[in-house]
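Q: Have a look at this prediction, sequence included:
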Amino acid sequence: MAKQQYQPESSMEQVHAKGEPKKHRWAYRRILFQHEWVIRHLPFVFYLSCLALVYIANGHQAEKKIRTMNQLQKEVKTLHWKYLEAKSDVMFQRKYSEIARQVAPWGWKTSSRPPFVLVVDTTK
């Protein structure tokens, strides 16, 4: 029996060496880049371009905010440690023995008597 070769039904198909149909690539490109098609879809292409620009700008803005947040977190940590150090110093300086040591050069001494209440007569 003789093999029958496949004959393409349309001008868009070609035959491979194996006998399978193959669509012609150039026909699609001609359709894709026809003047009317481009003009008709130009607003949609501009819309997609604007969306792409907004998407890229949003990504850059998000990265910038993340960098700023990281920098501020480092600054907050530093300020927190400075606060804790200052608070520790103040607590140390408020101790009774530390106050007595600081006022000793002025000649002040701790009292050995307990405090007493002054009574003022305001009836006159």
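A: Received the coordinates, thanks.
Q: so how many other residues sit close to residue 99?
A: In terms of burial, residue 99 registers 13 neighbours under the definition other Cβ atoms under 10 Å. All C-beta spots, glycine's among them, are computed from the backbone N, C-alpha and C.
Q: Just confirm it is within a strand.
A: No. Counting by DSSP: H, G, I helix; E, B strand; the rest coil, residue 99 is located in no strand; its state is helix.
Q: Skipping adjacent residues, who's closest to it in space?
A: Leaving aside its sequence neighbours, residue 99 sits nearest to residue 93 (Cβ to Cβ, 6 or more residues apart in numbering; 7.5 Å).
Q: Count the neighbours of residue 95 for me.
A: With neighbours defined by other Cβ under 10 Å, the count for residue 95 comes to 10.
Q: give the contact list for residue 109.
A: residue 100 (Cβ atoms under 8 Å, 6 or more residues apart in numbering).
Q: Correction: the previous question concerned residue 102.
A: Residues in contact with residue 102 (Cβ under 8 Å, 6+ apart) are residue 93.
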